[in-house]
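> have a look at this prediction, sequence included:
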Amino acid sequence: MGIEDYNFLKSTLEEVSKLQEGKKETKNDLKGWKKSLNDRKEELAESQEELEGIEASLEAASKNVGENVESPSFFQKMETVLMRSERKIEKLEDKEIRIEERQISINLKFGIIGAMTIGIGLLMIGFGLSRGGEFSCGANTGQSIPYMEVGDGEEDCFNGRDESVPDGDLKQGQQYLRESKAILRGTTILCLVMFGFLLPSWYRISKEKVRHIEITETSREEEEGGLQDMHREMSDFKELVSRKNLLSKAIEDSIQASIVVEKAIQLNNEEIRNIDELIETKMKSISHLIPYSEFLNGH
Ligand SMILES: [Ca+2]
């Protein structure tokens, strides 16, 4: 072998060695790309599975509601329903307040009537007692006794005047006494009748009001519960729809990225093929310098 042949052989072998190194690097790159493609495919499968689940839930919900729960018209309708429910709750609250106010005013009225009855009763009792009056035992004695004790057979005045009054005075005293008793009896009956009427009426009306408040409260609580449920349902739907949109976007992006990765893999494969061809060409160019090279090349 001449020096030129030797130099050519040496430089070609060096080039081949460099090419092989390059091929190794490209193969490493290829491995990386393939792994990335695999990861993306796994991710994609997961996203698609989740998306299918969400779509199934939305479909079931739509069937349940009888309308497409993803449509803006459905959300608008729901908003209207929610607003109506809120207004109803406000109205019920107003009603409760009104009933309570009325109850307070009724209590006040009954209180006033009751107080007036008691007042009138007391006035009448006072009047009745004063009609019963006092009997003067005589201007000079300064003593007086209740009319009831006049002419009862027992001397109550020191001077015994109560048992020796003229018949006319006695009759007058007894007349006073009768009137006094009649007024007291009348007052008692009046008070009994008034309270006999007032108390049951007040009790009945109050009970009715309390019942009204309870009914209003119950329907308000029911309405509030329904409103809460609707709010929860709405936010669930919204969350599902937004998650669905996010997933759809992610899947689209993932598909685009996979296409890019597949392209890179294709390019790497082409590069490896090119390197192989180059190595073969180089080896062929020196094969006449290597004895038994056909065996080394595997021929
Ligand atoms: Ca007497």
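In hand now; what should we look at?

> C-alpha only now, for contacts and for neighbours.
Noted.

> can you list the residues of the chain near the ion?
149-150, 152, 154-156 (C-alpha under 5 Å from the ion).

> drop anything exposed from the residues you listed.
Among the residues of the chain next to the ion, those scoring as buried are 149-150, 156 (criterion: 16 or more other C-alpha atoms under 10 Å).

> average pLDDT across the helix or strand harbouring G225?
Per DSSP states H and E, G225 falls inside helix 167-286. The average pLDDT for helix 167-286 rounds to 91.

> and which of the residues of the chain next to the ion is nearest to V261?
Among the residues of the chain next to the ion, E149 lies closest to V261 (C-alpha to C-alpha), at 127.6 Å.

> isn't that closest one up against G160?
No: judged on C-alpha atoms under 8 Å, E149 makes no contact with G160 at a distance of 11.4 Å.

> identify the contacts common to those two.
Listed as contacting both E149 and G160 by C-alpha atoms under 8 Å, 6 or more residues apart in numbering is no residue at all.

> show the contacting residues for E163.
150-155.

> switch to 10 Å and redo it
149-157, 170 (C-alpha atoms under 10 Å, 6 or more residues apart in numbering).

> next one: the residue nearest the centre of the chain from the ion, what distance?
Closest to where the C-alpha atoms of the chain average out (C-alpha atoms, centre = their mean) is Q228, at 4.3 Å. With distances taken as C-alpha to the ion, to the nearest Å, Q228 is found 84 Å from the ion.

> how far away is F74 from K95?
Computed as C-alpha to C-alpha, to the nearest Å, the F74 to K95 distance reads 31 Å.

> count of neighbours near the residue nearest to G121 when sequence neighbours are not counted?
Among residues not flanking G121 along the chain, T187 sits closest, at 5.6 Å (C-alpha to C-alpha, 6 or more residues apart in numbering). Neighbour count of T187, defined by other C-alpha atoms under 10 Å: 21.

> show me what contacts the residue nearest to the centre of the chain?
Q228 neighbours (C-alpha under 10 Å, 6+ apart): 82, 222, 234.

> nearest to the ion, out of those residues: which one, please.
Closest to the ion out of these is E222 (76.6 Å), distances taken as C-alpha to the ion.

> ok, that closest one to G126 distance?
The gap separating E222 from G126 is 57 Å, by C-alpha to C-alpha.

> and for K207?
For K207 relative to G126 (C-alpha to C-alpha), the value is 36 Å.

> picking up where we left off before, I'd like to know which of the contacts of Q228 are buried.
Among the contacts of Q228, those classed as buried by neighbour count (16+ other C-alpha under 10 Å) are 82, 234.

> adding distance to Q256, write the contacts of Q228 out as CSV.
Formatted as CSV, the contacts of Q228 follow (distance: C-alpha to C-alpha, whole Å):
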residue, distance to Q256
L82, 42
E222, 51
M234, 33
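
> and the contacts of Q228, which is closest to L37?
For those, the minimum distance to L37 (C-alpha to C-alpha) is 38.3 Å, reached by M234.

> close enough to count as contact, that closest one and V69?
Yes: here M234 reaches V69: they are 9.2 Å apart, a contact under C-alpha atoms under 10 Å.

> list residues touching both of the two?
Residues touching both M234 and V69 by C-alpha under 10 Å, 6+ apart: 75, 78.

> please state the offset of the helix or strand harbouring N64 from the chain centre?
Using DSSP H and E, N64 sits in helix 3-65. Distance of helix 3-65 from its chain centroid, counting by C-alpha atoms, centre = their mean, to the nearest Å, is 51 Å.

> what is the rounded mean pLDDT of it?
Rounded mean pLDDT across helix 3-65 is 93.

> which neighbouring elements make contact with it?
helix 167-286 (3 or more C-alpha pairs under 10 Å, 6 or more residues apart in numbering; DSSP states H and E).
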